[in-house]
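Asker: here is my input; please provide its structure:
(one chain, ligands or ions: 2)
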Amino acid sequence: MFKGAALRRFTRRGVIGGAIVTACLAGLAVAPAQAITDMSVTLRMSTTTDAYGNPRVAAIYTADLPTDSGWGYLYNGGSITVNCYGDDGSTRSLLFSTVHTMNTAQNLWADDANIHLSGFKDAPKGGLFNEDLDGTDEIYCTLTWRDGDGGTISRKTLERTGDF
Ligand SMILES: [Ca+2]
Ligand SMILES: [Ca+2]
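Answerer: Ligands and ions are numbered 1, 2, ... in the order given. Sure thing, here's the model as predicted:
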């Protein structure tokens, strides 16, 4: 009898222990990805000259999204839409719009701590970014992250002013 009870206790412990180990392993396997809840963005304007000495203007933008599951989000269809505008008081004009995904651009990638975007759009000076005729052009961008489930985060860059 004693031997049987001890065996049953042992077996019960074994079953419970096994269940705990299984639960822990399952927990590890299905642990939710670190949710993306923030995004920092930057914009700078750069004026250069091309090979023929003609001036060009570039809008250079970045985004960083803290997450330890960046490649997972990108493989599941994560994207960043960049819309850049000229500011005109109560109105604004869309200068360009572009969508970055892992599959169509090499400039959207991840490491162990972040998803990164580094992109630019350039044009001749006096062209695309010449959004006002008074020599003071005001450019800003909104960057919108969309994950594969439809979750979004949007951030607006600082406005950059110059003769573009
Ligand atoms: Ca303006
Ligand atoms: Ca202008």
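
Asker: can you map out the helices along this protein?
Answerer: Using DSSP state H, the helices found in the chain span residues 2-30, 70-75.

Asker: so where's this structure uncertain?
Answerer: For the chain, the stretches with pLDDT under 70 are 1-33, 104-106.

Asker: just the buried positions in stretch 142-154, please.
Answerer: Within stretch 142-154, the residues that count as buried by 16 or more other Cβ atoms under 10 Å are 143-147, 153. For the C-beta atoms, the positions are set from N, CA and C on the backbone; glycine is no exception.

Asker: closest one of those to ligand 1?
Answerer: Relative to ligand 1, the closest of those is residue 143; by Cβ to the ion it sits at 20.0 Å.

Asker: hang on, the earlier thing: need the buried residues of stretch 142-154 in a markdown table (columns: distance to ligand 2).
Answerer: What follows is the buried residues of stretch 142-154, written out as a markdown table (distance: Cβ to the ion, whole Å):
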| residue | distance to ligand 2 |
| --- | --- |
| 143 | 24 |
| 144 | 27 |
| 145 | 31 |
| 146 | 32 |
| 147 | 37 |
| 153 | 32 |
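
Asker: narrow the residues you listed to those in strands?
Answerer: Secondary structure from DSSP state E places 143-146, 153 of those in strands.

Asker: list the contacts of residue 158.
Answerer: Residue 158 sits next to 42-43, 140 when contact means Cβ atoms under 8 Å, 6 or more residues apart in numbering.

Asker: near ligand 1, which residues of this protein show up?
Answerer: With Cβ under 5 Å from the ion as the criterion, the chain meets ligand 1 at residues 86, 88, 132, 138.

Asker: give me the buried entries from the residues you listed.
Answerer: Using 16+ other Cβ under 10 Å, the buried ones in those are 86, 138.

Asker: so which of the residues of the chain next to ligand 1 is the closest to ligand 2?
Answerer: residue 132 (4.6 Å).

Asker: ok, the closest one to residue 152 distance?
Answerer: When distance is defined by Cβ to Cβ, to the nearest Å, residue 132 is 30 Å away from residue 152.

Asker: can you show me the strands along the protein?
Answerer: Along the chain, counting by DSSP E, strands occupy 40-49, 55-66, 79-88, 91-101, 108-110, 114-124, 137-146, 152-156, 160-162.

Asker: any chance of TSV for those, columns distance to residue 73?
Answerer: Output for these, formatted as TSV (distance: least, Cβ to Cβ, whole Å):
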stretch	distance to residue 73
strand 40-49	16
strand 55-66	8
strand 79-88	10
strand 91-101	11
strand 108-110	7
strand 114-124	6
strand 137-146	9
strand 152-156	12
strand 160-162	29
